[in-house]
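Visitor: I need the structure of the sequence given here:
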Amino acid sequence: MTEKFYLGTYTKRVSKGIYSVQLDTEQKQLANLSLEAEIENPTYLALNADHSLLAAVSKEETGGITVFNTQQAETLTKVSHCHDTTAVPCYIAFNKESNHLLAANYHEGHVSSYKFDAAVTLADRVTHPSLEDKQPHVHYTDYTPDEKWIVVCDLGSDIVATYQQDGEKLQRVSTYNSRKGAGPRHLAFHPTLPIAYLICELNASIEVLGYDAENGSFTFIEQHLLTTTEQQAWGGAIHLTSNGNFLYASNRGYNRIYVFQVHEETGSLTFVADYDTFGSVPRDFHLSKDDRFIVIGHQESDNLTLYERDSQTGTLTLCQKDFFAPEVVCVIPY
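Guide: Down below sits the predicted model:
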């Protein structure tokens, strides 16, 4: 059996755009790297609910968002591009109906909402204000699981902001303040518990948060550091298994992936183990559809690493560490 993954990349050195790779689950190997679309700096990708559309941030022409059809041809087919005169976004997400897209812009400090109906058009944009000596750097925006709220991680301001989408307009309804200097990066929701997990880039930590779906607010529960050394540490990606029993997070400064067991009632974390990613700057990784494997992408060493996962203990076994894939910063299963 094979499983396909899409790879978002920088195109600063050797990459030419969006790639795909096949995971052979019987041989436990990655194979068949293929260039799917030649495009400049597609550093983040998002699939819609039925995986018929793939959105990519890009620097095509003036920058913005490009949407591809995944099913019309052997490679990606361009459907629409929304030009933007501001800096390239760093994160995008579809809603479940595939008629709206969200985009986070790190350099400009804003979150944008786009309408999608054959073409992508800007609906609304909210810029986070500067706070004292802090400049806004929005690193993530996505819908809550019930799509009642929109959540934004602002690395520069150390906040997680919750918005309500009123028609096409975004209205802030709640603000959570992370630990000072933490630098909120990405958020992952537990599939069944009212808990969310915030990975912070600047102090390489995970903050476990209580989540109130009624008002979109978050409260601090506990913090876990992704390093026990004085080496450079930067939080990267965070993902839960589909049953919510285990959490995985990468440290892209220390080149490690961390495993935590999730308490089935409280959602609190217990450290299990950490592993070498066998590459430089593991910006992103993803679990396979059945949670059996983890594919790790590296920005600087141009390789993918494949681990097999023990479903009972969460521990990892190395399968492959030297598969060439250039400048990878986003990994998503198709």
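
Visitor: direction included, what does the helix or strand where residue 171 lies pair against?
Guide: Residue 171 belongs to strand 169-177 when assigned by DSSP states H and E. Each strand paired with strand 169-177, and its direction, by DSSP bridges: strand 159-166 (antiparallel).

Visitor: just the CA trace of stretch 191-211, in CSV.
Guide: Output of stretch 191-211 as CSV, limited to C-alpha atoms (Å, rounded to 0.1, in the frame of the first residue of the first chain):
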residue,chain,number,x,y,z
PRO,A,191,-10.2,15.5,19.2
THR,A,192,-12.5,14.8,22.2
LEU,A,193,-11.4,16.8,25.2
PRO,A,194,-11.8,20.6,25.7
ILE,A,195,-8.1,21.0,25.5
ALA,A,196,-5.7,22.7,23.0
TYR,A,197,-1.9,22.5,22.8
LEU,A,198,0.1,25.6,21.9
ILE,A,199,3.6,25.1,20.6
CYS,A,200,5.8,28.2,21.2
GLU,A,201,8.7,28.9,19.0
LEU,A,202,11.0,31.3,21.0
ASN,A,203,11.2,29.3,24.2
ALA,A,204,10.6,25.8,22.6
SER,A,205,7.7,24.9,24.8
ILE,A,206,4.2,23.5,24.8
GLU,A,207,1.5,25.2,26.7
VAL,A,208,-1.5,23.0,27.5
LEU,A,209,-4.7,25.1,27.4
GLY,A,210,-8.2,24.6,28.5
TYR,A,211,-10.6,25.6,25.7
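
Visitor: next one, pLDDT for the spatially closest residue to residue 47 that is not a sequence neighbour please.
Guide: Leaving aside its chain neighbours, residue 47 sits nearest to residue 54 (5.6 Å; criterion: C-beta to C-beta, 6 or more residues apart in numbering). From N, CA and C alone the C-beta is placed, and that goes for glycine too. pLDDT for residue 54: 97.

Visitor: specify the beta-bridge partners of residue 54.
Guide: residue 47, residue 68.

Visitor: tell me the first helix or strand C-terminal of the strand holding residue 171.
Guide: Going down the chain from strand 169-177, the next helix or strand is strand 184-189, by DSSP H and E.

Visitor: which residues sit against that following strand?
Guide: Identification of contacts with strand 184-189 by C-beta atoms under 8 Å, 6 or more residues apart in numbering yields 91, 139-140, 142, 144-145, 151, 153-155, 158-160, 178, 195-201, 211, 235-240, 247.
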